[in-house]
Structures are given as C-alpha cells and as structure tokens.
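Q: What shape does this take:
(chains A and B)
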Amino acid sequence: MTRPRGGEGMAEINIAVKKVQEKFPDSVLEVKTFRDEVNVTVQRKDIFEICKFLYSDPDLQYQMLADLCGVDYFPQAPRFEVVYLLYSFKNNHRLRVKIKVGEGESVLSVESIWKAADWLEREAYDLFGISFANHPDLRRILLWDGYEGHPLRKDFPVEGPDFDKPFIPEV
Amino acid sequence: MGIETYLEKTPFLPYLDWIVNWGRKYSIWPVTFGLACCALEMIVTSSATWDISRFGSEVFRPSPRQADLMIVAGTLTKKMAPMVKRIYEQMPEPKWVIAYGACACSGGVFKTYSVVQGVDKILPVDFYVPGCPPRPETLLTALVQLQKKIQNETLADRKNVRNSLEMK
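A: Below you'll find the model as predicted:
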C-alpha cells in the first residue's frame, strides 16, 4: 500500500479526532482505526453539536454527509447504532461517527446541517424504527403508508409476518 | 353480449375468426411495463439484433389504453402492485399478459416481506417466461406461442367476457 505523503496521513487523522476530543472531552467513547479509516464512537446526546462542529470548523470542514445508516445489534443493551459517514473535500478525508441508541430513544436530526440527512434518516426510521427529533417530515419512505413493523430489525422475519396470507392490493 | 351471440348461429364464424385472429396476432402492441432488470432485456428485444417489430410489436405503447399485451418484466413489489393492477384494468379487451423473468413468475430469489410472489397473484397470466433474465430470444418464443394461442381463440368465447376474465 503506497503512502506517498509519508506521515501526513496519520497527522490528518489525529487532527479531527484531537479537535473533537478537545472540544467535547466527555463525549468521545472510543476511537478505532482500521487501515486508513477512523471510527469515532460518541455519546448520543452530543451528536448534533459534534456534527455542527465537524461541519463548520475551518480546519476540518466535513461538508458532505456521505451516508447515515442504522445497525441492529439485537440482544445487546443499546440495541441500535446510527453511523454517520462524513467526507471533507478540503482534506480529502473520511470520518465515521457512531452513536448507540436504545430501543425507544430518539436522536437529534442533523438535517439542518446536511440536507442529505432528510431521506437517510427517513430510511433509518422506516427500516429500524429509530426516531429523529426535529426532523421536518419523518415518515416512511421505502415501505407503503400504513405498513406495520420495521423490517430490518433482527427479530423481524425475512418473509414478513403475513407471508401465508393472500395478498390483495387495494386499487 | 353484442354481436358474438348472433355470430354463433351463422356459418361465417370460422372464417371471421380466422380473419380477426390473423389481425390480432400479427399486431400485438405491448405496453411498456418494465419494473427491474428484465426491463432491459425487453428493451433490447426491440433493438436491431432481436427485432421484435418483425413479429408485429412495432411500438411499445406508453398508454395502456392503446395496447393489448402487458409484459410484466421485473420484480413486483407490494407497493407497486396496485399500480400494476390499475394499468391492467385500463387496457381494453382483448388483452394478454406475459410474466417475464423469474421474479414476475414466482417472486424469484426474493421470498421477502415486500415482494409479491409472482404476478399471477394479482393478474391472469398467459405465458410464464423463466430466466434471470431470460434471453431476448425467449421473449420472442413466448410471443410466437402467444400468436398460436390467439389463432386458436374464437369470437364465441367472448360472449361472457366479464365472467371469463374474472380473477377470483
């Protein structure tokens, strides 16, 4: 694996994490690095502030929310996890921010920071049931209105609970 | 209903049948109903190498009111099903349906909460074309078989059109 910029890669990684750790000392729970990827786990209550900071800080400028997705770790205690994948054009660097969310808890929406979060959070709500506070229009996006259940949870059967019943579309 | 009830009693029926079926089978106009990947195979069937217009399907009509064949190509999801049924009901008689591809025949690999296990759960299907995706030649084979099926139809069958085409 070529690293033409020598030790600069490591310095880049540490800048973002270091700044977050300086500004929000109690928030950062865990920092993991895998090859070139940096994963930071933070507290759920601080996510909006941290994202705002990462977006607006002049050195970091994570202007792009590349992805926002949910994960279900069913038997574990905080059941869900929301993963934010941020990209900075200025530094050409990606950062992954994760938060653990329990079953009935809600997360502050980052839609006011990145507009892309609008539909991504709707997808997380539709498929997992993670609700986002301050979201302008939180409703189902992939499944139809009136569908009950959140399919991507681990305790939802793959075929759907009503697989044996006949399907009659409402025209 | 209509003229078919009188035609049964005349000796002209077989000849009339032959002419009408000849016209219908050599000018089948499909309605564009591609849902997923099989749609591309259907589109390619109308391109130069496997030219579907030499079988009469010169144009794929965008409006269902001007079409007589519906090729359901692709996975049918439960969210899309009411729309498919509505478009089928907008097509005028006589109409036929070809289920193209594994997903349209029986749900394909997707035995999930959101996929209808086959288009025949909501529409009456005349031909099933298996494959993932089926080659364009297979669609042409289905079209030729459909032409043979149309040849064997008779106007007298159309007397009780409503009853003969009820789904349930």
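Q: who touches A:K19 in this structure?
A: A:K19 makes contact with A:F53, A:D57, A:D59, A:L60, according to C-beta atoms under 8 Å, 6 or more residues apart in numbering or on different chains. Every C-beta, even on glycine, is put in place using the N, C-alpha and C of the backbone.
Q: go on, B:R24?
A: B:D68, B:P94, B:I150.
Q: To what extent is residue 58 buried, counted in neighbours?
A: Went with chain A since none was named. 6 (other C-beta atoms under 10 Å in any protein chain shown).
Q: look at chain B instead
A: Neighbours of B:E58 under the rule other C-beta under 10 Å: 13.
Q: How about B:R65?
A: Counted with other C-beta under 10 Å, the neighbours of B:R65 add up to 10.
Q: could you measure it against chain A, distance?
A: With distances defined as C-beta to the nearest C-beta, to the nearest Å, the gap from B:R65 to chain A amounts to 17 Å.
Q: and B:R24, what are its phi and psi?
A: For B:R24, the backbone dihedrals are phi -70, psi -40 (criterion: degrees, to the nearest 10).
Q: quick one: it from chain A, how far?
A: Using C-beta to the nearest C-beta, one obtains 27 Å as the distance from B:R24 to chain A.
Q: so A:V82 sits in a strand?
A: Yes. Residue state for A:V82 (DSSP: H, G, I helix; E, B strand; the rest coil) corresponds to a strand.
Q: so how far is chain B from it?
A: In this view, A:V82 and chain B are 23 Å apart by C-beta to the nearest C-beta.
Q: quick one: contacts for that residue?
A: Counting by C-beta under 8 Å, 6+ apart, A:V82 touches A:I47, A:L68, A:C69, A:G70, A:V71, A:K98, A:I99, A:V101, A:V107, A:A124, A:I130.
Q: and if you look at A:V83?
A: Counting by C-beta under 8 Å, 6+ apart, the residues that A:V83 touches are A:D67, A:L68, A:C69, A:G70, A:V71, A:R96, A:V97, A:K98.
Q: Can you pull the residues of chain A lying near chain B?
A: Within reach of chain B by C-beta under 8 Å from any C-beta of the partner chain, chain A has these residues: A:143-144, A:149, A:151, A:156-161, A:163, A:166-167, A:169-171.
Q: Pick the one among these closest to A:P75.
A: Lowest distance from A:P75 to the residues of chain A next to chain B (C-beta to C-beta) belongs to A:F156, with 14.7 Å.
Q: What count of nearby residues applies to that closest one?
A: By other C-beta under 10 Å, 17 other residues sit near A:F156.
Q: Look up how far A:F48 lies from it.
A: In this view, A:F156 and A:F48 are 29 Å apart by C-beta to C-beta, to the nearest Å.
Q: who's A:R94 bridged to?
A: Note on A:R94: beta-bridge partners A:Y87, judged by DSSP bridges.
Q: pretty sure it contacts A:L85?
A: Yes. Using C-beta atoms under 8 Å, A:R94 is in contact with A:L85, at 6.5 Å.
Q: Mind listing the shared neighbours of these two?
A: By C-beta under 8 Å, 6+ apart, the residues touching both A:R94 and A:L85 are A:A66.
Q: okay, the most centrally placed residue in chain A: pLDDT?
A: For chain A, the residue nearest the mean C-alpha position is A:V83 (2.7 Å; C-alpha atoms, centre = their mean). Among the per-residue scores, A:V83 holds a pLDDT of 94.
Q: ok, what's across the strand from it?
A: Note on A:V83: beta-bridge partners A:C69, A:K98, judged by DSSP bridges.
Q: tell me, how many neighbours does residue 141 end up with?
A: Chain wasn't specified; assuming chain A. Neighbours of A:I141 under the rule other C-beta under 10 Å: 16.
Q: I was after chain B.
A: When counting by other C-beta under 10 Å, one arrives at 14 neighbours for B:T141.
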